[in-house]
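Peer 1: Here is my input; please provide its structure:
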Amino acid sequence: MAMAQAAAPGAGQRGAWLLFAPLAAWVGLRWVLQWLQDRAPQPAAWPITPFVGAQDPWAWLRPAGMAIAALALLALLARAWARRHGWRAPLRLLTAAWLLLWAAACAAQLQSFLNLRALVPQAPLQAELLGAHAQPPSQRSLGGQLWVLRIAGEDAPQQVLVPDAAAAQVPLHARLNLRWARGRWHGRYLSGWDMLPVQP
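Peer 2: Numbering: from 1, shown residues only. A predicted model of the protein is given here:
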């Protein structure tokens, strides 16, 4: 009886560590990467991504539904297992999944940081400015002008959030020469632009 009572506080402390240590590691890594970024700022690099207005707004429903269904199935299987064999194995699997989730989050954060540390300049692209919208600053971005671009040779429009004040002075349908680079592993990043003369 005494051994069980002594083991309970130890188990609770271990559970607290398993619950909060991965989150603390993620926050700590984010702080370190931000500190490194502040010490050695990278040149301007603004992600070029597909224009959200041209995408299906309901495309997220299918993957979200599949994820919810998979979680519900796993919960039912875990409950059935626990009724026959106890909760030890499901709790171990849940703990492993929790640790893997935060390890993947830390890896994604580090990969995103390193991806921008080795930009590979590319030949300039010509584009037309189809639309521009002022976006205020938020906790996730510095704000700026959200450009919608038609890049020469590409069917789907692209968008890029440009925090440079000069972006607000670019008129609609202007022809631009985009200076850009590829990330170490993925992504296209705008680093600057030049106005092209208007065609007669």
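Peer 1: contacts and neighbour counts: CA atoms only from here.
Peer 2: Will do.
Peer 1: Quick check: buried residues in the longest strand along the chain?
Peer 2: Among the elements of the chain assigned as strand by DSSP state E, the one spanning the most residues is strand 125-135. Residues of strand 125-135 classed as buried by neighbour count (16 or more other Cα atoms under 10 Å): 126-132.
Peer 1: Looking at these, which one is closest to A104?
Peer 2: Distances from these to A104 were compared by Cα to Cα; the smallest belongs to A132, at 35.3 Å.
Peer 1: Wait, the closest one touches L146, no?
Peer 2: Yes. Applying Cα atoms under 8 Å, one finds A132 in contact with L146, separated by 5.5 Å.
Peer 1: residue contacts, W180?
Peer 2: By Cα atoms under 8 Å, 6 or more residues apart in numbering, W180 lies in contact with 45, 121-125, 188-192.
Peer 1: Can you show me the strands along the protein?
Peer 2: According to DSSP E, the strands that the chain contains are 46-50, 120-121, 125-135, 144-151, 158-162, 175-182, 188-195.
Peer 1: and the longest one, which strands flank it?
Peer 2: What it means is strand 125-135. Listed by DSSP bridges, the sheet partners of strand 125-135 and their directions read strand 144-151 (antiparallel), strand 175-182 (antiparallel).
Peer 1: sorry, back to before: would a markdown table of the strands of the chain with mean pLDDT and distance to W81 be doable?
Peer 2: Compiled in a markdown table, those are given as follows (pLDDT from 0 to 100; distance: least, Cα to Cα, whole Å):
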| stretch | mean pLDDT | distance to W81 |
| --- | --- | --- |
| strand 46-50 | 93 | 45 |
| strand 120-121 | 92 | 51 |
| strand 125-135 | 92 | 51 |
| strand 144-151 | 93 | 51 |
| strand 158-162 | 94 | 49 |
| strand 175-182 | 95 | 48 |
| strand 188-195 | 93 | 47 |
